[in-house]
Structure formats: C-alpha cells, structure tokens
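Chemist: Generate a structure from the sequence data that follows.
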Amino acid sequence: MAAAYRKPRLKGVAVCRLILIGILLVILFMLLLRTNTFIELTSRYSSETDQSVGSKSNPNFYSAPNKNSKLPKLNEFSISLQKRNQMPPRNLDLHPTLAKNHIVIVLYVHNRPQYLQVAIDSLSKVVGISETLLIISHDGYYKEMNTIVEKIKFCQVKQIFAPYSPHIFPNSFPGVSPNDCKDKEDPARNKCKGNPDQYGNHRSPKIVSLKHHWWWMMNTVWDGLKETSNHFGHILFIEEDHFIFPNAYRNIQLLTEMKPKKCPHCYAANLAPSDVKSRGEGWESLIAERMGNVGYAFNRTVWKKIHRKAGEFCSFDDYNWDITMWATVYPSFGGPVYSLRGPRTSAVHFGKCGLHQGQGEKMVCIDNGVFNLEVEENDRVPNLESNWGVHVYEHQTGYQAGFRGWGGWGDIRDRRLCLEFSEMYLPSEV
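Modeler: Residues are numbered from 1 along each chain as shown. This next block holds a predicted model:
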C-alpha cells in the first residue's frame, strides 16, 4: 500500500519540478529580453558617432517629451509654452534658406530686458548672421523679453520656453510648495519638506532655475527640436549679457574648420578667453585652454559625451551649470578638456546684475541704461590665420576635480527633475 502511494506522489513531485523549471525558463527569457533592450539603449546613447542621434531616417522623432517621462504635471500656462516650442521659426519669408554648414546660434535668456536688447543689437551687426538660425531659449516667460525678440528681423528666429521654470509654478514644485522648508529649517522639527544642501540651506527656486534651464535647454536643442535634429555641426551658445563682435560668426566658422587639424584633442571652440576679464593675448597664435562660458561651440559628439554624464551633473551640489561642468563633468572625461580660440576676443561679458536679480523699476543693470563698447576695426572682420600655430595652456587655475561646490542643489526633487530632463526625449517605447 505504501509503495502504491509513493509512485503517484513521486509523479506529482516530477510534474511540479517540470512546472517550476518552465516558470524559471520564462523568467530567464524575459530577463534576457530586458537585458538586450538595456544594452541596445546604452549603445544607442553611448555611441560617439554623430549619426546615432537625430537620424534622417526618423525626422519626426523630435517633438514633445515622451509619454513615459515622470516630469511634473504641466499647468495650463506651461502647456501653452510647450505648444509654442513646436512652432516653426519666424522670418522664413525674409530668410527662406540657411547656408550650407551653418552654425546654429543659441541665445539663452532669463529676465534682464536691457541686457537682452544690448545682445540683440550686437547680433544684428554680426557679419553672416542672416545665414543661420538663431534659437532663443527663455527661462519661462516674460512679456518684455518676448516683445524684444519678436522685433528681430535679421535672421530666422525660433523661440523656446522652459515649461518647468519655477516662476510658472507659484504654488507647487518646481516653484514654491506650501510646505517647503526655508533657509536652514529642520525638516523634522518644523515638519516641512526638503533636503538641505551641504551647507544646511534649503532650495531657492530662483537659484536652482539657473541650472535647470541650462540643462533643459541643452537636451531640447540637441535632442528635442526638429530644426536641429539633423544638425551634425557645431552649435554656438551665448547668453543675454554677452556683447557679440561683428566678426564673431566668421571667426567661429574658422575655428571649427581649423580645430580638427590644429587641435584634434580640443572639444570645443570659444569666442572669448575663459577669463571673462581678458580681451586676449594679441599674439599671432591660436590658443587652446579650458572651455569658457562666453561664446562656446561644440558638436553632437561632444554633447553625447556630456549627456552620458547626466548623473554627475544632476547630483553635484552647485546651482551653477558652468561650475558643475568644470568641477565634475569635464574631469570625468579622463583628460584635459581644451577649447580652441583666437588671440583676440570676439565676445565680451558685460553683466553686472546677478542672473536672477532681474530688472526692477528703480534699478538698472547697465550704467545709465546704456552699454558703450568701442569696436575696433580689427574686430569687424575675421582676424584668424590658418598658418598660425597653437599655444596650449597646460596648467590652468580654476575649479578642479575635488571641489565640493557652492551648494544650493541639495534637494532630491531638483536632482530628479534634472535627470528627467536627461531622459525626456528618449524614444517612448524604450
């Protein structure tokens, strides 16, 4: 009787084992599928060939953030800005075509209308400006800033508006939430929400907006616009407190053309020295030094290298995008990050106000409301020679690896939003 009972029991155990093995095989198969998807995604965004992003085979890939992103919910106003971002450039009737191998110019602005007017006036006198596309990236929306831009007639102009700018969200993140901690409040004691930075200070929306806008802009310009999806050349980035010399566009064209032979290890080209107070050495030589933050240009290959460091960028406790790049992103490249420039500046930083100080009724950022800069004749024409050598500044002062940052970027919500910007244009099916 015992033997008769044992046989069915053994058969039952065997069946259970087969079922268990089958389940394990299915799980293994699913894991392999996920692993292959992950490898495909990683290879797609780690390849350094310019063709891996913005392929001509899929021109409609670039429009709005994908549906799977975990970005904050847009309000009615930010939705309207998102729609405006998909509008075509203006002035197509005046400038219907772009020059072959043109360098796109991106001007990122905040809320300093007098500064913007100076920058726009200087751009209007730049030789060759009508040949290219000017993209103006706004940190949110300010009527006076928009009015100035809408008057531009000297080239194609496309405006994009950061739809997650804090001032657009007056009662919720990324703006100020009702229960947010302030200054150095203790979250446990005050029952408020937030993570302090390394110095014990809680987030200031106006301050963190600086880094958020730059990172949103970079991801959008390179990976989120139809107008630049097939642009594999350099893009020049300038700010509203930069005065651009008449020879700037022709000089940046020359620098990007000479860079592969003159300085193949250079990542970018610059219109100005990294020391914003310098006007250049005046030598008969090109200069290779660390990348500056005034008039810098790089291509899609470099952008993808930067994009792969999103984790480092978004987690570094400093609200300044440029210091974050100098102190943590560039050092992670494994070698010096040089930029090629001329011996005379082609752009000048003239700002006196803080980036988010704005333009009050009683305060003027520019002396007497006017910015006067005498442009010498040599700065009106291209002033670079192809037979010049390159002087390399091998040891430079400034922010280095190991610097902990100035703080202001400790809240986990800001870091997560930053990472979401990094992924918002990835294919939604991935």
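
Chemist: the strands in this structure, which residues?
Modeler: All strands of the chain, identified by DSSP state E, fall at 104-109, 133-138, 156-161, 235-239, 242-244, 266-270, 286-290, 296-298, 338-341, 347-349, 390-392.

Chemist: Reformat these as TSV; add mean neighbour count.
Modeler: Backbone N, C-alpha and C define where each C-beta goes, glycine included. Output for the strands of the chain, formatted as TSV (neighbours: other C-beta atoms under 10 Å):
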stretch	mean neighbour count
strand 104-109	23
strand 133-138	24
strand 156-161	22
strand 235-239	24
strand 242-244	26
strand 266-270	27
strand 286-290	22
strand 296-298	24
strand 338-341	26
strand 347-349	22
strand 390-392	15
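
Chemist: closest one to Pro178 among those?
Modeler: Smallest distance to Pro178 across the strands of the chain (C-beta to C-beta): 25.5 Å, for strand 156-161.

Chemist: Run the chain-centre distance for the closest one.
Modeler: Its chain's average C-alpha position is 16 Å from that of strand 156-161, according to C-alpha atoms, centre = their mean, to the nearest Å.

Chemist: Using a markdown table, lay out the strands of the chain together with distance to Lys73 and mean pLDDT.
Modeler: Conversion of those to a markdown table gives the following (distance: least, C-beta to C-beta, whole Å; pLDDT from 0 to 100):
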| stretch | distance to Lys73 | mean pLDDT |
| --- | --- | --- |
| strand 104-109 | 25 | 98 |
| strand 133-138 | 21 | 98 |
| strand 156-161 | 17 | 98 |
| strand 235-239 | 30 | 98 |
| strand 242-244 | 35 | 96 |
| strand 266-270 | 36 | 98 |
| strand 286-290 | 40 | 96 |
| strand 296-298 | 33 | 98 |
| strand 338-341 | 39 | 97 |
| strand 347-349 | 37 | 95 |
| strand 390-392 | 49 | 97 |
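
Chemist: how about low-confidence regions in the stretch 251-400 of the chain?
Modeler: Applying pLDDT under 70 to the stretch 251-400 of the chain picks out residues 352-371.

Chemist: Turn the strands of the chain into JSON lines, including distance to Leu98.
Modeler: Listed next are those as JSON lines, based on distance: least, C-beta to C-beta, whole Å:
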{"stretch": "strand 104-109", "distance to Leu98": "9"}
{"stretch": "strand 133-138", "distance to Leu98": "6"}
{"stretch": "strand 156-161", "distance to Leu98": "7"}
{"stretch": "strand 235-239", "distance to Leu98": "13"}
{"stretch": "strand 242-244", "distance to Leu98": "19"}
{"stretch": "strand 266-270", "distance to Leu98": "20"}
{"stretch": "strand 286-290", "distance to Leu98": "27"}
{"stretch": "strand 296-298", "distance to Leu98": "16"}
{"stretch": "strand 338-341", "distance to Leu98": "24"}
{"stretch": "strand 347-349", "distance to Leu98": "22"}
{"stretch": "strand 390-392", "distance to Leu98": "30"}
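
Chemist: quick one, which of those is nearest to Leu94?
Modeler: In terms of C-beta to C-beta, the element of these nearest to Leu94 is strand 156-161, at 8.3 Å.

Chemist: tell me the angle of the closest one relative to strand 104-109?
Modeler: With axes from the mean of the first three to the mean of the last three C-alpha atoms, to 10 degrees as the basis, strand 156-161 and strand 104-109 are set at 40 degrees to each other.

Chemist: list the helices and strands strand 156-161 packs on?
Modeler: helix 76-84, strand 133-138, helix 143-150, helix 205-223 (3 or more C-beta pairs under 8 Å, 6 or more residues apart in numbering; DSSP states H and E).

Chemist: Export these as JSON lines, with columns for distance to Asn299.
Modeler: Formatted as JSON lines, the helices and strands packed on strand 156-161 follow (distance: least, C-beta to C-beta, whole Å):
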{"stretch": "helix 76-84", "distance to Asn299": "27"}
{"stretch": "strand 133-138", "distance to Asn299": "16"}
{"stretch": "helix 143-150", "distance to Asn299": "26"}
{"stretch": "helix 205-223", "distance to Asn299": "10"}
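
Chemist: Nearest to Pro113, out of these?
Modeler: Proximity to Pro113 (C-beta to C-beta) singles out helix 143-150 among the helices and strands packed on strand 156-161, at 4.6 Å.

Chemist: hey, C-alpha coordinates of stretch 342-350 in CSV?
Modeler: Extracted C-alpha coordinates of stretch 342-350, given in CSV (Å, rounded to 0.1, in the frame of the first residue of the first chain):
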residue,chain,number,x,y,z
GLY,A,342,41.7,83.2,-31.2
PRO,A,343,44.2,85.6,-29.6
ARG,A,344,41.6,88.4,-29.6
THR,A,345,38.1,88.1,-28.1
SER,A,346,35.1,88.2,-30.3
ALA,A,347,32.6,88.4,-27.4
VAL,A,348,32.5,90.3,-24.1
HIS,A,349,30.7,89.6,-20.9
PHE,A,350,29.2,92.9,-19.7
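
Chemist: Identify the residues contacting that stretch?
Modeler: With C-beta atoms under 8 Å, 6 or more residues apart in numbering as the test, stretch 342-350 has contacts from 115, 118, 238, 241-245, 247-248, 251-252, 255, 271-273, 276, 278-287, 294-295, 366, 371, 373, 378-379, 383-384.

Chemist: quick one on the thing from earlier: out of the strands of the chain, which gets nearest to Lys309?
Modeler: strand 266-270 (12.8 Å).

Chemist: how about the residue nearest to Ser78 when sequence neighbours are not counted, what does it touch?
Modeler: Counting by C-beta to C-beta, 6 or more residues apart in numbering, the nearest residue to Ser78 once its immediate chain neighbours are dropped is Pro163, at 4.0 Å. Pro163 is in contact with Leu74, Ser78, Ile79, Leu81, Gln82, Asn85, counting by C-beta under 8 Å, 6+ apart.
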